[in-house]
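In: pasting a predicted model and its sequence here:
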Amino acid sequence: MTAQTHDDLGRRAGRHPIADSRPPQVVNGEQLAALAYYHAHRDEIQRQMSDDEEFVENLRRTDPRASRKPTDTDALGNPLSP
């Protein structure tokens, strides 16, 4: 079976999008715990995400530096190779 086939099977089985995109080091129990936490705190998480988006939009409107695209540099300011 290919990775695409596994992905298709997971989606047909109703798997959660977070489960489909988990990094390899996350094991199934951790994944379930994360999903349980999200569902138990969904309103709070959504509110925080909305507040964060509003903060970014306000920052972009008031600070011209915030509207620039990020540069392709590392933490020390060195250009990254393509």
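Out: Perfect, thanks for sending it.

In: how about the helices in this structure?
Out: Ranges of helices within the chain are 3-12, 17-20, 28-40, 42-62, based on DSSP state H.

In: can I get those in CSV with mean neighbour count?
Out: In short, each C-beta sits where N, CA and C put it, glycine included. Shown next, in CSV, are the helices of the chain (neighbours: other CB atoms under 10 Å):
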stretch, mean neighbour count
helix 3-12, 10
helix 17-20, 12
helix 28-40, 11
helix 42-62, 11
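
In: out of the ones you listed, which gets the lowest mean score?
Out: Set side by side, the helices of the chain give their lowest mean pLDDT on helix 3-12, at a mean of 50.

In: follow-up on the earlier one: quick one: closest of the helices of the chain to Asp74.
Out: helix 42-62 (23.0 Å; CB to CB).

In: how close does Ala36 get to Gly77?
Out: 41 Å (CB to CB, to the nearest Å).

In: now do Arg60
Out: Distance from Arg60 to Gly77, by CB to CB: 23 Å.
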